[in-house]
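K.L.:
okay, structure incoming, though there's no sequence with it:
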């Protein structure tokens, strides 16, 4: 091989190596969440609360607390397909696919209103008493579990609309997570400065995990493997990982302020924390624990979200006016990367 040919070959190899490095750096710098689309929510004013999904029909339910409505979004078209009106500050939403029942918890009158999933026909109202809030569907029993009042969980039968059981707590419950296999619930009770552990089979609280000097434990997520809980606190703004068996603190990590939802992305070993300050914090599991890999900008006040692993999408709710004067409320649809 001549000197000129060898030099050209060496140059090509160097350029190829440089290109690989540049591509790797671009991939490393790419945000963990890409804004895929924005779904407008016309004529929706005020605070937006939690969301739920009907996977079979690819529909997203959005509790519009300040508007006294729930919007039903057709995710295929990216448009509002139906609006349920006449509610009283809706906060939590649950969907039972077997019975095809939508449950909407209302803070204004303490009721849970039930609707048929196919045509949104009213199925009845369950009066719980006060401040009906978060809803979860218990896959073990098929019942809705609803947090409400000065300190209670209620179990509702979606088919009959009847209250099957109640569990007393020390103060109003915020976000909670169910462990169906162990028949337990882990409940954030911020006014009592604790996380309550509930035996669902026995219908009583069995343990209290104090949160020390931390305040405002509103959102919670549970590791699908059952090893830990992820709890976000507002004061100071921390994400705390707790051993699910003992409540022992495994990690405490700085996070965004005014957190209202937290989700685990098991596929990518990530945690998403959505916050009212206007961003979603993304934490990645590394060999030495979870580390922040950046914050994705959303909008001020956009603190509620829903991660749906089956759709591989994170939905973030933004209030009207936060994209500029006169802008509609919206759902920001993020696609995780890679």
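P.N.:
Now that the structure is in, tell me what you want to look at. Bear in mind that the values here come from a model prediction, so they are computed numbers and not experimental data.

K.L.:
which parts of stretch 111-123 are buried?
P.N.:
Applying a neighbour-count criterion of 16 or more other CB atoms under 10 Å, one finds 111, 112, 113, 114, 115, 117, 123 buried in stretch 111-123. Using the backbone N, CA and C atoms, a C-beta is placed for each residue, glycine as well.

K.L.:
which ones among these lie within strands?
P.N.:
111, 112, 113, 114, 115, 123 (DSSP state E).

K.L.:
and which of those is nearest to residue 335?
P.N.:
Closest approach between these and residue 335, by CB to CB: residue 115, at 29.8 Å.

K.L.:
strands along the stretch 151-300 of the chain, start to end?
P.N.:
Chain-ordered strands for the stretch 151-300 of the chain, with DSSP state E, counting those that start in this stretch as the definition, fall at 152-156, 163-168, 176-179, 184-189, 194-199, 204-210, 215-222, 228-235, 237-243, 249-254, 259-265, 270-275, 279-286, 289-297.

K.L.:
buried residues, the fifth one. List them.
P.N.:
In other words, strand 194-199. Judged by neighbour count (16+ other CB under 10 Å), strand 194-199 contains these buried residues: 194, 195, 196, 197, 198.

K.L.:
just checking: what are the partner strands of that strand?
P.N.:
Sheet neighbours of strand 194-199, with direction, are listed as strand 184-189 (antiparallel), strand 204-210 (antiparallel) (DSSP bridges).

K.L.:
which residues does the nearest residue to residue 106 once chain neighbours are set aside contact?
P.N.:
In space, and not counting its chain neighbours, residue 106 is closest to residue 88: 4.2 Å by CB to CB, 6 or more residues apart in numbering. Contacts were defined as CB atoms under 8 Å, 6 or more residues apart in numbering; by that measure residue 88 touches 68, 106, 107, 108, 109, 111.

K.L.:
report how many residues lie close to the residue nearest to residue 248 when sequence neighbours are not counted.
P.N.:
In space, not counting the residues next to it along the chain, residue 248 is nearest to residue 242; the distance is 6.8 Å by CB to CB, 6+ apart. Other residues near residue 242 number 21, with proximity taken as other CB atoms under 10 Å.

K.L.:
next one: the one 4 residues further on
P.N.:
When neighbours are defined as other CB under 10 Å, residue 246 has 10 of them.

K.L.:
distance of it from residue 189?
P.N.:
With the distance defined as CB to CB, to the nearest Å, residue 246 ends up 18 Å from residue 189.

K.L.:
can you check residue 238 too?
P.N.:
Separation of residue 238 from residue 189 (CB to CB) stands at 17 Å.

K.L.:
residue 286 too?
P.N.:
The span separating residue 286 from residue 189 equals 32 Å under the rule CB to CB.
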